[in-house]
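> Model the following, please.
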Amino acid sequence: MDMAPFRWNRGRVQGFTDIETRGWVAHLPQGWRPYALLARLDRPIGSWLLVLPGFWAFALTAPGWAEGLRLAVLFGIGAVAMRGAGCVVNDLWDRDIDRRVERTRGRPLAAGTVTPRQALAFLAALCAIGLLVLVQLNRTAILLGIASLLPILLYPLAKRVTNWPQAMLGLTFSWAAPEGIAATTGQVDALALILWAAAFCWILGYDTIYAHQDREDDAMVGIGSTALRWGERTRPFLAACYTATLLLLAVAGWVGGLAWTYLPALLLPAALLARQVATIDIHDPAGCLRLFKANREAGLAVALAFLAGRL
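Below you'll find the model as predicted:
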């Protein structure tokens, strides 16, 4: 398979992009590399951000360490597979747009290193992995997992009809929160909905940061984003999103019956999120990417805060 559109010896695709061809991806057989890039396996941050609300749920409600770790492993595998599947769906919808955007023109479907038919076969394989993970869960979690396919399919369309596609991503990437509660308790209750709302606000904030990488190209090709919607007012919007996140997390800990120790422990993720608000420069795409990636540590800090309330 022709990989000429990618400059492997330089480590990155020419121009500003978050496609990463260094590290283990460069050591894959040449025919496998475009599929690894298509599923964003070169950038595990997306899988981390997808699974972290599930980790919050396990930290809150898992009946014990063994079950919590079992579910964390299952959700981790599922997150890699389903994040990859979502990326394939997104790139199938967006391949014509991606060719016109600097950051995305090197994606395999846009660059022609994977055909739509090959991408569909790869999508089926990723969904099969996700299904194998899903059937290890209880009935409520299985039904909820199946329902998650709808926002996955709708997300790529959102940017064509609204300035709030990040809200659709928020609904999609926050799904692990109620899914995690369902996996541990067998139900979707008030706690699941509160945790879902907290994750939604967090994602709405960090994906707005991410969208600033493409702001000018998005405006040129006529697609919407919260980065375009808020522009120079992004900092107060981001502060509102993250404040809502922290308040909802505090409520979730209270509803979940945690000891008071989770409240001071929430100061760490609060500080990490505040740093993003204070330092964001929407005119620095590379800096926006760094802040976006910093949400892995912020999300892990939330899980640790909940665990502190159970010790």
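> Which parts of the stretch 151-300 of the chain are helices?
165-173, 176-185, 190-211, 215-221, 226-230, 234-255, 262-265, 267-279, 285-293, 295-308 (DSSP state H, counting those that start in this stretch).
> Out of these, which gets nearest to residue 109?
helix 215-221 (16.2 Å; Cβ to Cβ). Where C-beta positions appear, they are placed from N, C-alpha and C, glycine not excepted.
> To what extent is residue 92 buried, counted in neighbours?
Using other Cβ atoms under 10 Å, residue 92 has 16 neighbouring residues.
> Would you mind pulling the contact partners of the helix or strand of the chain with the lowest mean pLDDT?
For the chain, counting by mean pLDDT, DSSP states H and E, helix 215-221 ranks last in confidence among helices and strands (a mean of 76). Outside helix 215-221, the residues that touch it by Cβ atoms under 8 Å, 6 or more residues apart in numbering are 97, 100-103, 159, 211, 224-225, 227-228, 231, 282.
> so who does residue 58 touch?
Counting by Cβ under 8 Å, 6+ apart, residue 58 has contacts 68, 71, 72, 75, 180, 184, 303.
> Farthest-apart pair in those, please.
Checking the contacts of residue 58 with Cβ to Cβ, the most distant pair is 184 and 303, at 13.7 Å.
> coming back round to it: dump the least confident helix or strand of the chain to PDB, keeping only the CA atoms.
Below are the C-alpha coordinates for helix 215-221, written out as PDB (Å, rounded to 0.1, in the frame of the first residue of the first chain):
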ATOM      1  CA  ARG A 215     -10.700  27.300  13.600                       C
ATOM      2  CA  GLU A 216      -9.600  29.000  10.400                       C
ATOM      3  CA  ASP A 217      -9.900  26.000   8.200                       C
ATOM      4  CA  ASP A 218     -13.400  25.200   9.600                       C
ATOM      5  CA  ALA A 219     -14.600  28.700   8.800                       C
ATOM      6  CA  MET A 220     -13.200  28.400   5.300                       C
ATOM      7  CA  VAL A 221     -15.000  25.100   4.500                       C
END
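> Pull up the gap between residue 219 and residue 154, please.
23 Å (Cβ to Cβ, to the nearest Å).
> Same check on residue 125?
For residue 125, the distance to residue 154 equals 22 Å [Cβ to Cβ].
> and what of residue 208?
19 Å.
> can you check residue 277 too?
Remark: distance between residue 277 and residue 154 (Cβ to Cβ) = 29 Å.
> These two: which has the busier surroundings?
Set residue 277 next to residue 154 and count neighbours by other Cβ under 10 Å: residue 277 wins out with 20 against 14.
> Which residues are in contact with that one?
Counting by Cβ under 8 Å, 6+ apart, the residues that residue 277 touches are 235, 238, 239, 242.
> Give me the number of neighbouring residues for residue 28.
15.
> By neighbour count, which bits of stretch 279-291 are buried? Give me those.
For stretch 279-291, the buried set under the neighbour-count rule, 16 or more other Cβ atoms under 10 Å, comprises 280, 282, 285, 287, 288, 289, 291.
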